[in-house]
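In: Fold the following, please.
(2 chains)
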Amino acid sequence: MDFKQKIIELIKKNTKLKTDEISNLLSVPPNPDLGDFAFPCFKLGKNPVESANKLKDKIKIPDFLEKIETKGPYLNFYLDKANFTEKILTNIQKETKNYGKGREKKKILVEYCGPNTNKPLHLGHVRNMALGNAVVRILEFQGNKVIPVNIINDRGIHICQSMVAYQKWGKKQKPNKKGDHFVGDYYVLFSKKSKEDPNLDLEAKSLLLKWEEEDPETHKLWRKMNTWVLQGFQETYDRFGIAFEKEYFESEIYKQGKEVAFEGLKKGVFEKNDDKSITAPLEKFGMTNKVVLRGDGTSVYITQDMFLAQQRYEDYKFDKLLYVVASEQSMHFKQLFKILELLKRKFAKNLHHLSYGMVHLPTGRMKSREGTVVDADDIMDEISELAQKEVEKRYKNLSKKERKRRGEFISLAAIKFFMLRSDASKDMVFDPKASLSFEGETGPYIQYTHARANSILKKADVKITKVNYNLLQEPKEQALISLLSKFPTKVEETARHYKPHIICRYLLDLAQAFNEFYHACHVISEDKKLMEARVVLVAATKQVLANGLKVLGIHAPEEM
RNA sequence: GGGCCUGUAGCCUAGCCUGGAUAGGGCGCCAGCCUUCUAUAUGAGAAAGCAAUUCUCUGAAGGCAGCUGGAUACCGUGGGUUCGAAUCCCUCCUGGCCCGCCA
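Out: Here you go, the predicted model:
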């Protein structure tokens, strides 16, 4: 039983309140002077100050508490420091990389990334990948079985546009650069040329028809170009540090939603229109009606998603399916989930759209047709270059290889942390020049703190025998220990809300507390027993920083 | 017209689910911590005087993935609920996204 539970019991014994009520009221005071837990006494009577004092007199102080005090209408509980410190620090020493791990046992599918195979991944995908990857790791750390899946949008008119341009101007060249960029260039070329020559649009349309008729030549070209693009994506995934357990291809499933549409019609959930198209009537649920199958029998975007959801259920029997997709598709998912509910799919209530805000440039919205897009690879290159320069400034004698390695993990930390540190639901402006500093609330700051902790441990050559936890009484030490104890709750909270920014904020607080601590308290000292206790504290902090970075998908370096 | 999201210092952001003590961070700004330089007729002072040397002040530059201190907030607006509202409810306003037989 943890301390909070013990205090709840204590209050329960001495008041008429129920456990739940007390649990809700009991909170952590705004600053450490006011103790470790606080209980507001407004509910105990008309005069809360008097009630607080009465309650205080009634309670006998148990071993784990140092004291109880009243401050106005609040009853403040002070934990016995040595007892608390010992419990937390020994726990971290024992559990190491599993400290904070949860015990949920669900099977969760997370769909993210969702690229189109006509152009490279861009900044929006970077946010998506950072978020998806972090959510996967956090849910895993919470104890769940998590299966990351991708949906590849590898068919449709936009794909054919790149193909037309390649046919006309590609001269059968093989890629002379990363495959996705190579193909993307033809997509941009198509957009440019089609402004002058409207016939190109017709050509793309007829190519799409040929593709649907499974014309061998067309499919051969399509497969060839897709292979180039997918190879390029794979390189980006590897660099970003993500992997998928399964990739679903739109081209393999887009036709199969039809059965679902007919099923809905039979069940009376959908309606048939005069032109033979099929509609899901959703007006009574506060949405607009949705066509789920065209008059000519071909499927639309939502048709394949209806099928794909159930396909995934058959594949994995998930307890939960998360779609990490930008907020612009909120309506689509609202409609999709409602339709599946009307079709009485038992998994319908276990679907969740994890929506995130758009990434804007200082110049406005990104438009791939107009070339005002920042490519994922380019931004990684650019930031990596910057980071390598910073590394070089600090260490003149590093090998080029090592400098590159460091620059790379630092830049990825900067990018990922920047994408994750604020609430996903908000839009953000990404200014490549100004947004990614390495100072302040950044990934590198956390990494740096981790590296510093490590370097202290290396310097402090001491044998840990029997630690006297009583020695860690300084306010900065206590503040740090108190933060360390909160990690498991933060993980739980993050997993419950799918909000990685909670862990980001926590790591910033922890890093700051640690930096303040080691400036105020010298670890390496003549007093061996004190040094021993502090070394344990530093090691514990390093461990928790590492655990936190890991669930965000960020490397925790030993030095940088 | 309808739906969803959003509004917190000059800028960015946490807190809102689950109401509670002084609204927490960061950037930027100001003042320090650290390093270097400068004073060979062209800065000043101290170590009794001179020389050497050292130190202090003043000045300048640099660095800064770190630390300390400081200034900055009608929590969009108006109302309601409550002993108590950034947080819950309602009005209005701002910005964004969506409302296609595109994906």
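
In: And what about A:Pro29, helix, strand or coil?
Out: Secondary structure state of A:Pro29, per DSSP: H, G, I helix; E, B strand; the rest coil, is coil.

In: Which element, helix or strand, includes the single nearest residue of the stretch 301-450 of chain A relative to RNA strand B?
Out: Nearest residue of the stretch 301-450 of chain A to RNA strand B (Cβ to the nearest atom of the strand) works out as A:Gly440 at 2.6 Å. C-beta here means a position set from N, CA and C on the backbone, and glycine is covered the same way. For A:Gly440, there is no enclosing helix or strand under DSSP states H and E.

In: mind listing what's buried in stretch A:338-345?
Out: A:338-343, A:345 (16 or more other Cβ atoms under 10 Å).

In: So what does A:Lys177 look like in phi/psi?
Out: The phi and psi values for A:Lys177, taken as degrees, to the nearest 10, are phi -150, psi -170.

In: Spell out whether stretch A:416-423 and RNA strand B are in contact.
Out: Yes. Under the criterion of Cβ under 7 Å from any atom of the strand, RNA strand B is reached by stretch A:416-423 at A:421-423.

In: Which PyMOL command selects the buried ones in these?
Out: Filtering the residues of stretch A:416-423 next to RNA strand B down to the buried ones (16+ other Cβ under 10 Å) takes a single PyMOL command:
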select buried, chain A and resi 421
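
In: the helices in the stretch 451-560 of chain A, which residues?
Out: With DSSP state H, counting those that start in this stretch as the criterion, the stretch 451-560 of chain A has helices at A:475-485, A:487-497, A:501-520, A:528-552.

In: Can you confirm whether the second one lies near RNA strand B?
Out: What it means is helix A:487-497. Yes. Judged by Cβ under 7 Å from any atom of the strand, helix A:487-497 and RNA strand B are in contact via A:493, A:497.

In: what does the longest one give?
Out: No. Contact check for helix A:528-552 against RNA strand B, using Cβ under 7 Å from any atom of the strand: none in range, with a minimum separation of 12.9 Å.

In: likewise the third one?
Out: Yes. For helix A:501-520 and RNA strand B, the contact criterion (Cβ under 7 Å from any atom of the strand) is met by A:501-502, A:505, A:508, A:512, A:515-516, A:519.

In: same check, this time on the first one
Out: No. Contact between helix A:475-485 and RNA strand B, assessed by Cβ under 7 Å from any atom of the strand, is absent, since the two come no nearer than 8.4 Å.

In: burial measure for the residue in the stretch 51-200 of chain A that RNA strand B sits nearest to, as a count.
Out: Residue nearest to RNA strand B within the stretch 51-200 of chain A: A:Tyr74 (3.3 Å; Cβ to the nearest atom of the strand). A count of nearby residues for A:Tyr74, using other Cβ atoms under 10 Å, gives 19.

In: residue contacts, it?
Out: A:29, A:34, A:38-41, A:52 (Cβ atoms under 8 Å, 6 or more residues apart in numbering).

In: Show the subsequent helix or strand relative to the helix or strand A:Ile92 falls within.
Out: Using DSSP H and E, A:Ile92 sits within helix A:81-95. Sequence-wise, the next helix or strand downstream of helix A:81-95 (DSSP H and E) is strand A:107-111.

In: taking the mean pLDDT, what do you get for that next one?
Out: Here strand A:107-111 scores 97 as its mean pLDDT.

In: That one: partners in the sheet, and parallel or antiparallel?
Out: Sheet pairing of strand A:107-111 (DSSP bridges) gives strand A:145-152 (parallel), strand A:320-326 (parallel).
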